[in-house]
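Enquirer: Would you be able to build a 3D model of this:
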Amino acid sequence: MSFGIVYFLCTLLVANGDILEACPPHSNSSEFVALILARGGSKGIPRKNLAPIGRVSLLARAIQTIQRANVFNEIWVSTDDDEISNEAIRYGAFSHIRPESVSSDTATSIEAVQEFIGKHEDVKKVALFQCTSVFLREEYVRKAFEESQNVECIFSVTRSHKLRWKEVDGLIVPDNFNPEKRLRRQDWKGEMVEAGMVYVAERHVLEKGRFQSNKCRVIEIAVGDSMEIDTLFDLEVARCLIGF
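Expert: As a prediction, this is how the structure comes out:
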């Protein structure tokens, strides 16, 4: 059966409200896939992954950005929610229906990814994108794909030049600088702070319950692009910046 016919049948099923595990992939290149985790039970912002922003949902915005980068043959959305599943398929992604055991408030992202690769034995590497990272850009998607070719893992970071303090035995002491030789911004490279926008890891790293090993590289993203939608305030700010 040709992909065109399969896609047409998938579209009909979505239009009728039927849920698919996934439409069959349009190529046999499924060893390295893009994955978005999008469960339906968000508490901070109900139905967060479907929240409209820039005239489409957060989920659709992420799928479209990955598609425009034109490096992944397959984009998967792992969800426990019928409406999210339909939204994924509507925008050209494949839907993976995950069980309740990895969809609760206490379930971790790595557990959901492990469940996904457990059901897709052909997948050797996963690029996990967070649709609540609203300023995901095509250039970051391409970097994640290209720079991970010869390493076990890639993850996104921002660069911080903030001077940090900590409390030790009731005293406030400097944590990352010498107060007698305070560094100017231009005098040091700053610190890398993990950002949740993208994680790429080979299967054997993920199977160990990790996104990173000691053989990783990083993608440095602009601080202004690192915003994550966790609260209603974040959502309203993003809408102001992007347009509702």
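Enquirer: Ignoring the adjacent residues along the chain, who's closest to Ile229?
Expert: Thr132 (4.2 Å; C-beta to C-beta, 6 or more residues apart in numbering). All C-beta spots, glycine's among them, are computed from the backbone N, C-alpha and C.
Enquirer: by contact count, what packs against the longest strand along the chain?
Expert: Looking across the chain with DSSP state E, the single longest strand is strand 191-202. Packing partners of strand 191-202 (3 or more C-beta pairs under 8 Å, 6 or more residues apart in numbering; DSSP states H and E): strand 125-129, helix 138-146, strand 153-160, strand 216-220.
Enquirer: Can you tell me which of these is most buried?
Expert: strand 125-129 (a mean of 24; mean count of other C-beta atoms under 10 Å).
Enquirer: what pLDDT, on average, does it get?
Expert: Averaged across strand 125-129, the pLDDT comes to 97.
Enquirer: Summarise which helices and strands that strand is packed against.
Expert: Checked by 3+ C-beta pairs under 8 Å, 6+ apart, strand 125-129 has strand 32-37, helix 109-119, helix 138-146, strand 191-202, helix 203-206 packed alongside it.
Enquirer: Which positions in the first one come out as buried?
Expert: Counting neighbours by 16 or more other C-beta atoms under 10 Å, one finds that the buried residues in strand 32-37 are Phe32, Val33, Ala34, Leu35, Ile36, Leu37.
Enquirer: now do the last one
Expert: Of the residues in helix 203-206, those buried under the neighbour-count criterion (16+ other C-beta under 10 Å) are Arg203, Val205, Leu206.
Enquirer: from these, which single one is nearest Glu87?
Expert: Leu206 (25.3 Å; C-beta to C-beta).
Enquirer: any idea of the pLDDT on the residue nearest to the closest one when sequence neighbours are not counted?
Expert: In this structure, Leu206 finds its nearest non-sequential neighbour in Val113, 5.6 Å apart by C-beta to C-beta, 6+ apart. Val113 carries a pLDDT score of 97 in this model.
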